[in-house]
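Asker: Got a predicted structure plus its sequence, pasted below:
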There are 2 protein chains.
Amino acid sequence: MKNQSKPVYLKLRDLIAAAIIDGQYKEGEMLPSVRALAAEQGANPLTVAKAYQQFQNDGLVEVQRGVGMYVVKGAAQILRDRDREIFLKEEWPEIRARMARLGLAPEKLLAET
Amino acid sequence: MKNQSKPVYLKLRDLIAAAIIDGQYKEGEMLPSVRALAAEQGANPLTVAKAYQQFQNDGLVEVQRGVGMYVVKGAAQILRDRDREIFLKEEWPEIRARMARLGLAPEKLLAET
DNA sequence: GGCGCTGTATTATGGCACTGATGCACTATT
DNA sequence: AATAGTGCATCAGTGCCATAATACAGCGCC
């Protein structure tokens, strides 16, 4: 009955990415250890590691074995640019199409915020 | 990397819902048979049946056993209203938050279409 | 009745993603 | 050396998804 609409490691990935972009995890500083973040989020250390893995592959964090993982310089910028690209190219068109189908008026949505 | 790995039966569900809302599958008319849609979409008949199942449960289609499944009157309206509700309450806030994080201006994007 | 079209139920199987427990390798500090 | 903190690899368990192979049941038409 573990019904999560979204896998935990992806949620964590988004959480971490947001933290980096917002400067909560600053560049050059160390990320929370897998065990620490796992305890904080009530997840498994391995699941957190899997989330971190994504950032290693992209070269956004550097691993010092036995020490910790550090945020690479310029990671926030890269991350934001990349996410912006993905959002505009892949997600936004779908959102627009869906709004059109549902007959939602853009002006209304903007007024409500 | 982003698997567009959404379950097939959910993709089909969205596809059918969109078709009903757009009037492609008109009210009172018959939906494609499970076998027909399966062949057309390159899916398994059982998977299509699973997608159709969702609409039966919601009373949006009526089953005439041995004949076919028919779109109930008012289904398009109900479907659109329900989807609109979900979109506004659950998805739109997240989209807004994400756009804010990425430094994207909603007015600009909405104006461009 | 016979044929062909509908949807439905059953059972089994393979694949794959997610999660978890345990232990190991490495490093810094004492 | 001892200790405690890192990340990482291995193995296993679980659940969902999709498919397959049938078989069954209702309806319309000839």
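Answerer: All right, it came through fine.
Asker: The residue nearest the centre of chain A: which element?
Answerer: The centroid of chain A falls nearest to residue A:14 when counting by CA atoms, centre = their mean (2.1 Å). Element membership for residue A:14, per DSSP states H and E: helix A:8-21.
Asker: Next one: that helix, is it in contact with chain B?
Answerer: Yes - Helix A:8-21 reaches chain B (CB under 8 Å from any CB of the partner chain) through A:18, A:21. To be clear about C-beta, it is placed using only N, CA and C from the backbone, and glycine gets the same treatment.
Asker: buried sites along that helix?
Answerer: Buried residues in helix A:8-21, counted by 16 or more other CB atoms under 10 Å in any protein chain shown: A:8, A:9, A:11, A:12, A:13, A:16, A:17, A:18, A:19, A:20, A:21.
Asker: Switch those residues over to JSON lines; also include pLDDT and distance to DNA strand C.
Answerer: Below are these laid out as JSON lines (pLDDT from 0 to 100; distance: CB to the nearest atom of the strand, whole Å):
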{"residue": "A:8", "pLDDT": "91", "distance to DNA strand C": "3"}
{"residue": "A:9", "pLDDT": "93", "distance to DNA strand C": "4"}
{"residue": "A:11", "pLDDT": "93", "distance to DNA strand C": "8"}
{"residue": "A:12", "pLDDT": "94", "distance to DNA strand C": "8"}
{"residue": "A:13", "pLDDT": "94", "distance to DNA strand C": "10"}
{"residue": "A:16", "pLDDT": "95", "distance to DNA strand C": "14"}
{"residue": "A:17", "pLDDT": "95", "distance to DNA strand C": "16"}
{"residue": "A:18", "pLDDT": "94", "distance to DNA strand C": "18"}
{"residue": "A:19", "pLDDT": "95", "distance to DNA strand C": "18"}
{"residue": "A:20", "pLDDT": "95", "distance to DNA strand C": "20"}
{"residue": "A:21", "pLDDT": "95", "distance to DNA strand C": "22"}
